[in-house]
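> I would like to see how this sequence folds:
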Amino acid sequence: MNIGDTIHLKALGSASKRTKNRIHNRGKSGFKVRQLPRKCKFTDNRGVDWVQLDAIDNDWSGWLPIDEIEIINL
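Below you'll find the model as predicted:
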């Protein structure tokens, strides 16, 4: 995964409802990688790496935790 790559994601079974909803509602056409995975200073970030993404077919942009997603193709 590199900045600018278009990726399609699948939420893992253990993923939060937020992650599942973002992928289902915003990622039908995939996401463009804006920032590579890194530690973020969010409340409740659980100490895991997060990746910043832009949705391809709508105006959503945001962060998803790496430990809740699977890249299904690049």
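
> From now on I want contacts and neighbour counts done on CA atoms only, so please keep to that.
OK.

> what helix or strand is the most centrally placed residue in the chain on?
By CA atoms, centre = their mean, the chain has its centre lying nearest to Leu64, at 3.7 Å. Leu64 belongs to strand 61-65 when assigned by DSSP states H and E.

> If we go by neighbour counts, what in the following helix or strand past that strand is buried?
Sequence-wise, the next helix or strand downstream of strand 61-65 (DSSP H and E) is strand 69-73. By 16 or more other CA atoms under 10 Å, the buried positions in strand 69-73 come out as Ile69.

> now stretch 50-57
Quick answer for stretch 50-57 (16+ other CA under 10 Å): 50-56.

> ditto for stretch 28-38
Applying 16+ other CA under 10 Å to stretch 28-38 flags 30-35, 37 as buried.

> So which elements touch the helix or strand harbouring Ile23?
Taking DSSP H and E as the criterion, Ile23 maps to helix 17-26. Under the contact definition 3 or more CA pairs under 8 Å, 6 or more residues apart in numbering; DSSP states H and E, helix 17-26 sits against strand 6-11.

> Pull up the pairing partners for the strand it packs on, direction included.
In the sheet, strand 6-11 lines up against strand 31-39 (antiparallel), strand 69-73 (antiparallel) (DSSP bridges).

> any chance of these in a markdown table, plus mean pLDDT and distance to Ser14?
Formatted as a markdown table, these follow (pLDDT from 0 to 100; distance: least, CA to CA, whole Å):
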| stretch | mean pLDDT | distance to Ser14 |
| --- | --- | --- |
| strand 31-39 | 94 | 19 |
| strand 69-73 | 93 | 9 |
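
> would JSON lines of the ones you listed with distance to Asn21 be doable?
As requested, these are arranged in JSON lines below (distance: least, CA to CA, whole Å):
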{"stretch": "strand 31-39", "distance to Asn21": "14"}
{"stretch": "strand 69-73", "distance to Asn21": "12"}
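
> Looking at these, which is nearest to Arg18?
Nearest to Arg18 among those is strand 69-73; the distance by CA to CA comes to 11.7 Å.

> Next, the angle helix 17-26 makes with that closest one.
30 degrees (axes from the mean of the first three to the mean of the last three CA atoms, to 10 degrees).

> Identify all contacting residues around strand 69-73.
Strand 69-73 is touched from outside by 7-12, 15, 19, with contacts defined as CA atoms under 8 Å, 6 or more residues apart in numbering.
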